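Peer 1: coords please:
(one chain, ligands or ions: 1)
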Amino acid sequence: MDHQLVLVVDFGGQYTQLIVRRVRELGVYSEMVPWQKAEQAIRDRGPDAVILSGGPKSVLEPGAPTIDVSVLDNIPTLGICYGLQVMAHRGGGCVESSSEREYGHRHLTSIAPNSLVAKMADPAVWMSHGDRVVKIPDGSIITATTATCPVAAFENAANKHYGVQFHPEVSHTPSGRSILHSFLFDIAGLRGDWTTANFIEESIQRIKEEVGDEQVLCAVSGGVDSSVVAALMTKALGHQVKCVFVDHGLLRKGEAEQVVKTFTEVFHPNLILINAHDQFFGALKGVTEPEAKRKAIGEQFVVCFERHRDDLSDCKFLAQGTLYPDVIESGSPTAAKIKTHHNVGGLPDWMRLQVVEPLRWLFKDEVREVGRQLGLPDDVVDRQPFPGPGLGVRILGEVTPERVAIVQDADHIFREELRVQGLEAGIWQSYAALLDVRSVGVMGDERTYEQPIVLRAVQSEDAMTARAVPLEFSFLEHVAHRIVNEVKGVNRVLYDLTSKPPATIEWE
Ligand code: XMP
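Peer 2: Below you'll find the predicted structure:
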């Protein structure tokens, strides 16, 4: 890709991905690089600007993440929080540990006219640090302070090196976006050449070069990622693309019909539909352990492809909807495996498919924008993320057709009410799960002994963290009332208040 590039050096900060997103939102292509590989990446790739992220360590600790600042000579550089401390520590200044931690909102006082931070309209900034800079690198000037932080920002305009102790990337710093904007455009002189239209054009070109005249298999789920992949591949290659949709019986109510309708009528006529309900339910019989379920479901995808070997054997490529956060996570040396996520669940050897991943540099919101520009319908583009193993991970205990029907009906009521009452905006995911316990209730004059439904609705930016949506009690009561009255087999409804972490978004 021939874009201008901003490399964001990751020192392990919780907001590093957010910095990359903010830069891209401003129309500049950005990638994250772990600090261990940063010096090499900067030498090899010659970025147009560098941003040094925050981080949880102290620069004074032995072995703390760092960078040789001499590689940043002549490159516009912005150090944020820990990044500023690394610039000071390695650039001839001095950092001291402090017993006083500065955390939360602070009022920034600008003390140098015409500096980067002097242009901020709102002086409120978000701080989160322990150590502080007590001596700045030679040639720099202090540009801002707070009541408790004598060096809240410094800069050396001559070599375009800037440091801010606060976090401009978080929404708690209202003028943060303008700092990033000034740094990228006024200081680094970037063009802003990262747009969705450019991305689509370049991807189509790249796909054509990579695939040539060969056939491509696109496994679609109806979700936004695989739909955008299919749309992009089809735009690039037309009938060389074969879309395969496996209906495993673990989809939400009406979803399979909806996917088929969208793909065949609206957008891609070349769809192979595999109805595999019996096969998946057979494989899930008696399986209750969450990882065993995921494994069983993954294996059945392979069996499906195996059975359709004749239809698919001329495919040389497999298009997958891998996104940039997956790429970042799988490259992270510290990422712990919490759950086995899968796209198409592994593939049979005979296919020997080469993988094409046209979305591997995009965030979810960028994928949605690409989908919109490719003309996908709103209900596909705005669809909530849905796990590959489907309702299988929302039914605790054994997955049977009867239990799937219960969860489908409850889920349908919950999401219908959210839609009808105009509450969908701002919800990342909302669903019903079925628990594997029973409790006593009373209906009419009869004792019941049935299963509980859990409702879950979360807000999130990227699924890495999430918070329960504060739904009105009267709304929840109304949904609960409908579910116990309309869904046979359920006599209790709960609302999950737990954030992620410590819980996860899905129950399994
Ligand atoms: P958790 O439950 O780990 O989920 O907080 C984070 C996000 O990932 C989705 N998810 C999956 N997606 N295959 C997928 O394609 C899976 O096995 C899977 N498990 C969870 C989940 O819905 C949420 O958006």
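
Peer 1: Could you list the alpha-carbon positions for stretch 175-187 in PDB?
Peer 2: The C-alpha trace of stretch 175-187 is given here as PDB (Å, rounded to 0.1, in the frame of the first residue of the first chain):
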ATOM      1  CA  SER A 175      -9.500  19.000  22.700                       C
ATOM      2  CA  GLY A 176      -7.400  15.800  22.200                       C
ATOM      3  CA  ARG A 177      -8.500  15.400  18.600                       C
ATOM      4  CA  SER A 178      -7.300  18.900  17.700                       C
ATOM      5  CA  ILE A 179      -3.900  18.100  19.200                       C
ATOM      6  CA  LEU A 180      -3.600  15.000  17.000                       C
ATOM      7  CA  HIS A 181      -4.900  16.900  14.000                       C
ATOM      8  CA  SER A 182      -2.300  19.700  14.500                       C
ATOM      9  CA  PHE A 183       0.500  17.100  15.000                       C
ATOM     10  CA  LEU A 184      -0.400  15.200  11.800                       C
ATOM     11  CA  PHE A 185      -1.300  18.000   9.500                       C
ATOM     12  CA  ASP A 186       0.400  21.200  10.700                       C
ATOM     13  CA  ILE A 187       3.600  19.700  12.100                       C
END
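
Peer 1: Buried residues of it, list them for me.
Peer 2: For stretch 175-187, a neighbour-count test (16 or more other C-beta atoms under 10 Å) marks S175, G176, S178, I179, L180, H181, S182, F183, L184, I187 as buried. Using the backbone N, CA and C atoms, a C-beta is placed for each residue, glycine as well.

Peer 1: tell me the contacts of A433?
Peer 2: Contacts here follow C-beta atoms under 8 Å, 6 or more residues apart in numbering; on that basis A433 touches R394, I395, L396, V407, I453, V454, R456, E506, W507.

Peer 1: On the three-state scheme, it is what?
Peer 2: Look at A433: counting by DSSP: H, G, I helix; E, B strand; the rest coil, its state is strand.

Peer 1: what's the distance between it and R394?
Peer 2: Distance of A433 to R394, computed by C-beta to C-beta, to the nearest Å: 4 Å.

Peer 1: Now the common contact residues for the two.
Peer 2: Contacts common to A433 and R394, judged by C-beta under 8 Å, 6+ apart, are V407, E506, W507.

Peer 1: Go back to the residues you listed and keep what's next to the ligand.
Peer 2: Among the shared contacts of A433 and R394, proximity to the ligand is found for E506 (C-beta under 6 Å from any ligand atom).

Peer 1: Now P174. Nearest residue, chain neighbours left out?
Peer 2: Using C-beta to C-beta, 6 or more residues apart in numbering and skipping the chain neighbours, the partner closest in space to P174 is D122 (4.2 Å).

Peer 1: distance of the one you found from D365?
Peer 2: For D122 relative to D365 (C-beta to C-beta), the value is 25 Å.

Peer 1: Can you mark which positions in the helix or strand of the chain with the lowest mean pLDDT are buried?
Peer 2: Least confident helix or strand of the chain, by mean pLDDT, DSSP states H and E, is helix 324-331 with a mean of 76. Neighbour counts using 16+ other C-beta under 10 Å place Y324, P325, D326, V327, I328 of helix 324-331 among the buried residues.

Peer 1: What's the first helix or strand after that helix?
Peer 2: Using DSSP states H and E, the next helix or strand after helix 324-331 towards the C-terminus is strand 354-356.

Peer 1: List the buried residues of that next one.
Peer 2: V356.

Peer 1: Remind me what that strand packs against, helices and strands.
Peer 2: helix 196-211, strand 315-319 (3 or more C-beta pairs under 8 Å, 6 or more residues apart in numbering; DSSP states H and E).

Peer 1: which one of the ones you listed has the most crowded surroundings?
Peer 2: strand 315-319 (a mean of 22; mean count of other C-beta atoms under 10 Å).

Peer 1: CA atoms only: put the lengthiest helix in the chain into PDB for me.
Peer 2: Determined from DSSP state H, the single longest helix within the chain is helix 401-420. C-alpha atoms of helix 401-420 as PDB (Å, rounded to 0.1, in the frame of the first residue of the first chain):
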ATOM      1  CA  PRO A 401     -33.200 -28.400  18.800                       C
ATOM      2  CA  GLU A 402     -35.700 -27.900  21.600                       C
ATOM      3  CA  ARG A 403     -33.300 -25.700  23.600                       C
ATOM      4  CA  VAL A 404     -32.300 -23.800  20.500                       C
ATOM      5  CA  ALA A 405     -36.000 -23.000  19.800                       C
ATOM      6  CA  ILE A 406     -36.400 -21.700  23.400                       C
ATOM      7  CA  VAL A 407     -33.400 -19.400  23.200                       C
ATOM      8  CA  GLN A 408     -34.400 -18.200  19.600                       C
ATOM      9  CA  ASP A 409     -37.800 -17.200  20.800                       C
ATOM     10  CA  ALA A 410     -36.600 -15.400  23.900                       C
ATOM     11  CA  ASP A 411     -33.900 -13.700  22.000                       C
ATOM     12  CA  HIS A 412     -36.400 -12.600  19.300                       C
ATOM     13  CA  ILE A 413     -38.600 -11.000  21.900                       C
ATOM     14  CA  PHE A 414     -35.800  -9.100  23.600                       C
ATOM     15  CA  ARG A 415     -34.300  -7.700  20.400                       C
ATOM     16  CA  GLU A 416     -37.700  -6.900  19.000                       C
ATOM     17  CA  GLU A 417     -38.600  -4.900  22.100                       C
ATOM     18  CA  LEU A 418     -35.200  -3.100  21.900                       C
ATOM     19  CA  ARG A 419     -35.900  -2.200  18.300                       C
ATOM     20  CA  VAL A 420     -39.600  -1.200  18.700                       C
END
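
Peer 1: How much space separates H478 from E417?
Peer 2: H478 is 7 Å from E417, where distance means C-beta to C-beta.

Peer 1: Looking only at neighbour counts, state which of these two leads.
Peer 2: E417 (18 against 14; other C-beta atoms under 10 Å).

Peer 1: Now do the phi/psi pair for the closest residue to the more buried one other than its chain neighbours.
Peer 2: Counting by C-beta to C-beta, 6+ apart, V479 is the residue found nearest to E417 once chain neighbours are left out, at 5.1 Å. Dihedral angles of V479 (phi, psi; degrees, to the nearest 10) stand at phi -60, psi -40.

Peer 1: Quick check: S227 touching V380?
Peer 2: Yes - counting by C-beta atoms under 8 Å, V380 is a contact partner of S227 at 5.0 Å.

Peer 1: which residues are common contacts for the two?
Peer 2: Residues touching both S227 and V380 (C-beta under 8 Å, 6+ apart) are T262, G371.

Peer 1: These two: which has the busier surroundings?
Peer 2: S227 (28 against 23).

Peer 1: Report whether the helix or strand containing the more buried one contacts the ligand.
Peer 2: Taking DSSP H and E as the criterion, the element that holds S227 is helix 224-237. No - Helix 224-237 is not in contact with the ligand by C-beta under 6 Å from any ligand atom; minimum separation 8.6 Å.

Peer 1: quick one: the very next helix or strand once past that helix near the ligand?
Peer 2: Sequence order places strand 241-247 as the next helix or strand after helix 224-237, per DSSP H and E. No - judged by C-beta under 6 Å from any ligand atom, strand 241-247 stays clear of the ligand, getting no closer than 13.3 Å.

Peer 1: angle of strand 241-247 against helix 224-237?
Peer 2: Here the directions of strand 241-247 and helix 224-237 differ by 160 degrees (axes from the mean of the first three to the mean of the last three C-alpha atoms, to 10 degrees).

Peer 1: Tell me the helices and strands packed up against the helix or strand following strand 241-247.
Peer 2: As assigned by DSSP H and E, the chain's next helix or strand after strand 241-247 is helix 255-261. Contacts defined by 3+ C-beta pairs under 8 Å, 6+ apart place helix 255-261 against strand 241-247.
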